[in-house]
Structure formats: structure tokens, C-alpha cells
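Student: heads up, no residue letters with this:
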């Protein structure tokens with residue numbers, strides 16, 4: 001099964017860590033979690049907070065323990081193909097979460113959502129139409145407001161894939 005994943009983070013620095021994770025399964029089931037920072041996660045950027053709207057205080061108060069979120073993520077992702085629109089950054093934050101929970105940092109791997117889009121569009125269209133259809137699906141998704149919250153961003157990627165899978 002395909003899983004579309006997104007993280008929100010403390011910043012875009014190398015020391016950044018995940019503060020929220022969200023995913024949407026192929027069937028449209030979605031789940032999101034605020035992540036209480038691990039003790040050694042101290043990086044914070046007010047500019048990033050202005051984008052996602054999540055404060056460190058909110059994480060401390062409402063976030064789930066990082067190891068609990070990690071366990072849930074590993075449970076859901078087992079045996080599935082996980083896609084992210086920014087696999088380098090999302091992979092970094094996934095690795096941070098796995099390591100903080102005492103799990104191997106490469107336990108789970110991410111693929112680029114573009115791979116899912118191309119594969120799905122190719123099933124329903126000739127090579128010439130693949131790029132066109134992906135662009136049209138992206139245009140529809142981009143017409144929606146950007147929330148910069150993990151589940152919303154994962155749902156956006158899922159919606160592009162879903163449009164492509166329904167195109168005949």
C-alpha cells in the first residue's frame with residue numbers, strides 16, 4: 001500500500017528535528033501527531049514557527065512522546081511503500097525520530113512522491129500524456145490553500161496521486 005508522509009520541523013537547519021508528522025494511506029485514511037521534543041532536541045527557528053504555526057510550548061503541552069509516535073509510525077508503515085515530497089528533508093526528520101526512539105535510522109526508507117505519480121500516470125496514459133496529467137493534477141492540488149501542517153500536506157500529495165489513479 002502507498003503511504004504519503006509529511007513532517008513539520010523545528011527549522012531547516014541540520015540540527016532540526018520533527019515536531020509534527022502526518023500521513024495518508026492509499027485508501028484515504030489519515031493520521032497526524034504532534035511530537036514532544038526529545039531531551040536533546042533544542043534547535044528552534046521562529047521563522048519556521050511562523051510558517052507552520054506550532055509553538056515549542058504547544059509541543060511540550062500537547063505533543064506525544066517521540067518514542068510513542070515513532071512506534072505508531074513503524075507499525076503503520078511496516079510492509080508499505082512510503083512517499084514524501086521532499087524525501088531528503090523528510091528522511092532526515094524520520095531518521096532523527098527513529099534514532100531518538102532507539103531504533104536503527106534506516107529502519108524505514110522514503111521514496112519521492114514523483115515516483116508514485118509517474119508510475120500511476122503511466123498505467124493510464126501513454127508516455128506523452130504522463131507529464132501533462134501530472135501537471136494538471138498538481139494544478140488542481142495547488143489551487144487549494146497551503147496549510148503547512150503535516151496531514152494537510154500529506155493529503156495534498158495523496159490527492160495528486162489519487163487523481164492520477166482515477167484518470168482513465
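Tutor: Yes, it's here. Quick caveat, the model's predicted, so the values are computed rather than measured. Numbers count the residues shown, from 1 in each chain.

Student: Quick one: find the helix or strand in the chain with the lowest mean pLDDT.
Tutor: helix 127-142 (a mean of 79; mean pLDDT, DSSP states H and E).

Student: what does it contact?
Tutor: The contact list for helix 127-142 (Cβ atoms under 8 Å, 6 or more residues apart in numbering) reads 117-118, 121-122, 124-125, 156-157, 159-160, 163-164, 167. For every residue, glycine as well, the C-beta is placed using N, CA and C.

Student: Out of those, which end up buried?
Tutor: 117-118, 121, 125, 156-157, 159-160, 163-164 (16 or more other Cβ atoms under 10 Å).

Student: Nearest to residue 145, out of these: which one, please.
Tutor: Nearest to residue 145 out of the buried ones among the contacts of helix 127-142 is residue 156 (Cβ to Cβ; 10.1 Å).

Student: on that earlier part again, and the two most separated of the buried ones among the contacts of helix 127-142?
Tutor: Pairwise distances across the buried ones among the contacts of helix 127-142 (Cβ to Cβ) peak at 21.4 Å, for the pair 125 and 156.

Student: Next, please give the residue ranges for the helices of the protein.
Tutor: 46-52, 56-62, 66-77, 87-100, 113-124, 127-142, 150-166 (DSSP state H).

Student: got CSV for those, with distance to residue 15 too?
Tutor: Conversion of those to CSV gives the following (distance: least, Cβ to Cβ, whole Å):
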stretch, distance to residue 15
helix 46-52, 12
helix 56-62, 14
helix 66-77, 15
helix 87-100, 9
helix 113-124, 26
helix 127-142, 31
helix 150-166, 20
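
Student: Nearest to residue 30 among the ones you listed would be which one?
Tutor: Distances from residue 30 to each of the helices of the chain were compared using Cβ to Cβ; the minimum, 5.3 Å, belongs to helix 150-166.
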